[in-house]
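[1] below: sequence and its predicted model.
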Amino acid sequence: MLLTYHAKERLKKRLAKRGRLERMYSELWVFLDRSKRIDVNEKITIFTDGRKALVCTRLDCERLQKSEILERVRGIMDSYECVYFDGRVAKVTRPEKFIETVPDGEYCFYLNGEKKSLYVGSEPPFLVITLRPAKREERS
């Protein structure tokens with residue numbers, strides 16, 4: 001899962017209570033563990049725990065081996081927001097350094113140079129749009 005600026009602000013206010021990226025993602029993963037998934041359509045998914053709802057959209061990704069991912073990120077010297085979903089790791093670092101810590105295998109890979117974000121995981125990534133109070137039909 002990757003976060004928009006708006007989603008980061010919402011998570012900070014409603015879940016994490018702190019602005020550190022690691023803290024926001026750890027609270028996000030705890031929320032996802034206790035939530036149920038509602039697929040609205042092929043692009044929009046809502047995760048809800050009955051009180052709050054996380055609205056997400058699916059991002060397009062590529063399935064690549066770890067070695068291919070390393071080749072793609074080799075020349076990047078800037079710090080990126082890197083997320084490894086399976087290991088539940090999120091930190092701001094250089095992508096090449098981050099990918100070296102990921103175990104070998106095939107992963108869904110998403111890189112956005114404009115927003116400086118990188119996702120690696122076994123499932124396709126979601127972009128979190130907002131965290132809002134759950135609607136009546138999401139509470140049951």
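    Perfect, I can see it now. Numbers count the residues shown, from 1 in each chain.
[2] which other helices and strands contact the longest helix along the chain?
    Assignment by DSSP state H gives helix 21-33 as the longest helix of the chain. Helices and strands touching helix 21-33, by 3 or more CB pairs under 8 Å, 6 or more residues apart in numbering; DSSP states H and E, are helix 5-11, strand 52-58, strand 89-93. Using the backbone N, CA and C atoms, a C-beta is placed for each residue, glycine as well.
[3] where are the low-confidence patches of the protein?
    140 (pLDDT under 70).
[4] for Lys66, find the nearest of the helices and strands packed on helix 21-33.
    strand 89-93 (14.5 Å; CB to CB).
[5] tilt between that closest one and helix 21-33?
    If you take axes from the mean of the first three to the mean of the last three CA atoms, to 10 degrees, strand 89-93 sits at 160 degrees to helix 21-33.
[6] elements contacting strand 89-93?
    Counting by 3+ CB pairs under 8 Å, 6+ apart, strand 89-93 packs on helix 21-33, strand 80-84.
[7] domain assignment for this structure?
    Following the assignment in automatic domain parsing, the chain carries domains at 2-59+125-138, 62-121.
[8] dump those domains into JSON lines; add mean neighbour count as well.
    Formatted as JSON lines, the domains of the chain follow (neighbours: other CB atoms under 10 Å):
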{"stretch": "domain 2-59+125-138", "mean neighbour count": "16"}
{"stretch": "domain 62-121", "mean neighbour count": "16"}
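[9] is Val83 in a bridge, and if so with what?
    Ala90, Tyr119 (DSSP bridges).
[10] my understanding was that it contacts Glu123; is that so?
    No: in this structure Val83 lies outside contact range of Glu123 using CB atoms under 8 Å: 11.7 Å.
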